[in-house]
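*Asks:* I would like to see how this sequence folds:
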Amino acid sequence: MQRPSPEQFLEYNAQLQEHIRRKCPNIDVEKLEMKKVAFEISGRMDTRQAHDPDAELIEVALLPINSRETRLRGILYNASVTHVPLRGLMTGLQSTFHKELSFWQFLLVTRTRVPMKNFCNPAETIPEGSTCSICICKVTVTSSISDEAHEDPDAFEVTDLNDKADGEIISDTDEVPVVTTCGHCFHETFLDAWVNDSAIRTAN
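*Replies:* Got it, this is the predicted structure:
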């Protein structure tokens, strides 16, 4: 909104990269396509002005941006044109950030569900008497489930717990058993909900 000159933007970009190097030394700043994002946002602002006669007047009224309050007003006004480019930037950088964040941090920051295959596999055998630590129900494996899981681990789509009617009891045969890398057994739906949904709710 302040329409920086190319020279000002280059200076800002250099300062931003230096800040990232200090705070996140393991992040490759060369992968941060800030210049492309800035051009995309600028183009979207031009489009908004072309379609809304009042847009330019509103932008001028929001200037100068020299305090926390004026900065917040500018961010809120520009949210409609900055959301998509910034979201695209973060999505493209997920693989870069993932290795620098813990499993839990990555989920909180990106809101991206972690694929089940990243931390567990369909169980082909289950020790007798095993129970799911989340739903506290017995975990068993039938030969049909075991064979299908072995042939196609992705055949079992994770469903939302809310799809089950209130009060409905989920039997052992309704739930796909999985085993984690540390050898613990769970029902797939309950483990997915515990790992992903609980973290997302905590972040909101």
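*Asks:* can you list contacts of stretch 38-53?
*Replies:* For stretch 38-53, the surrounding residues in contact (Cβ atoms under 8 Å, 6 or more residues apart in numbering) are 1, 3, 9, 55-56, 59, 78, 80-82, 84-85. Backbone N, C-alpha and C define where each C-beta goes, glycine included.
*Asks:* Mark which of those are buried, thanks.
*Replies:* Judged by neighbour count, with 16 or more other Cβ atoms under 10 Å as the criterion, the buried members of those are 1, 9, 55, 59, 78, 81-82, 85.
*Asks:* now, which of the residues you listed sits nearest Val37?
*Replies:* Using Cβ to Cβ, the shortest approach to Val37 within the buried ones among the contacts of stretch 38-53 belongs to Pro85, at 5.0 Å.
*Asks:* Was I right to think the closest one contacts Met34?
*Replies:* No - no contact is recorded between Pro85 and Met34 when judged using Cβ atoms under 8 Å, the distance being 10.4 Å.
*Asks:* Break the chain down into its domains, please.
*Replies:* The chain breaks down into these domains under automatic domain parsing: 6-100, 116-203.
*Asks:* mean pLDDT lowest for which of those?
*Replies:* For the domains of the chain, the bottom mean pLDDT is recorded on domain 116-203, which sits at a mean of 62.
*Asks:* Check which helix or strand Thr82 maps to.
*Replies:* Using DSSP states H and E, Thr82 sits within helix 68-92.
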